[in-house]
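**Student:** Could you look at this predicted model? Sequence included:
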Amino acid sequence: MERNEFMKHGLVRLPPGFRFHPTDEELVVQYLRRKAFSFPLPAAIIPEIDLGKLNPWDLPLNLGGFGGDKYFFYLRESKSQKKKGRVSYRETKLGYWKPLGKEKPVLASSQGNELVGLKQVLAFYRGKSPHGSKTDWIMHEYSLPNKELLKSSAQSLLVSSKEWVVCQISVKRRKNLRARNIRQEENQIPATSSSSSWSCITENLLDEEDSNGEEAMSKIFVD
């Protein structure tokens, strides 16, 4: 089989049946660290983007089909350029990515649990910061610790005010979407008139539950 059948725009296109599901350690050590140090990557499978110019729904699909996840490299404002205590939003055309909680360490089990990276979870908000409306888009952003950044900046030709990060972007499944799928499956089974009535009641209550919480479900048992 010709190699160029699995290449497109300089990126590797995974053969049918293959999936790209790296661990946090693999994503940082094998891809991000190599990218920051300008070393050859295991595979040209993660493209570069300008995150500020693209909304999450505008992101191109990864070649080879990574399921619902999309992986990208992008240049982020360097940690040394951030003001202490300032929330660093990732602005886009129609919204911004907002960090959720603190960064978590990425440890390399193969290197005695050495700290090799940091992982930050962000959610996408539509509108102007900091008063946008939250969406279901989630991003896991991986960066290198300070000691690695100092090494890479000394050897890389990149501008010191920027640093390479790698991100995994996906859409979080909604609770009401799961409930809707369950109802659709139930509707495929022939039901009697009594069970149909029960289905109508539970369907309305599930819709109320999405907006009012568990209180709606308690109505089933009243009277």
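**Tutor:** Looks like it arrived, so ask away.
**Student:** the helices in this protein, which residues?
**Tutor:** Secondary structure of the chain (DSSP state H): helices at 24-26, 33-36, 146-155, 175-187, 193-212.
**Student:** Domain map for this structure?
**Tutor:** Per the record, the chain has its domains at 3-171, 175-221, by automatic domain parsing.
**Student:** Low-confidence stretches in this structure?
**Tutor:** 1-14, 61-67, 79-87, 148-160, 174-223 (pLDDT under 70).
**Student:** quick one: the strands in it?
**Tutor:** Here the chain has its strands, by DSSP state E, at 7-8, 11-12, 70-77, 90-91, 95-108, 114-126, 133-143, 162-171.
**Student:** Just list what the third one packs against, helices and strands only.
**Tutor:** On a contact count with 3 or more C-beta pairs under 8 Å, 6 or more residues apart in numbering; DSSP states H and E, strand 70-77 meets strand 162-171. Heads up, the C-betas are built off the backbone N, CA and C, glycines and all.
**Student:** what comes into contact with the strand it packs on?
**Tutor:** The contact list for strand 162-171, computed with C-beta atoms under 8 Å, 6 or more residues apart in numbering, reads 27-28, 31-32, 35-36, 46, 51, 56, 59, 68-79, 136-144, 149, 152-153, 158.
**Student:** what about 6 Å?
**Tutor:** 27, 31-32, 35-36, 56, 68-73, 75-76, 78, 136-143, 149 (C-beta atoms under 6 Å, 6 or more residues apart in numbering).
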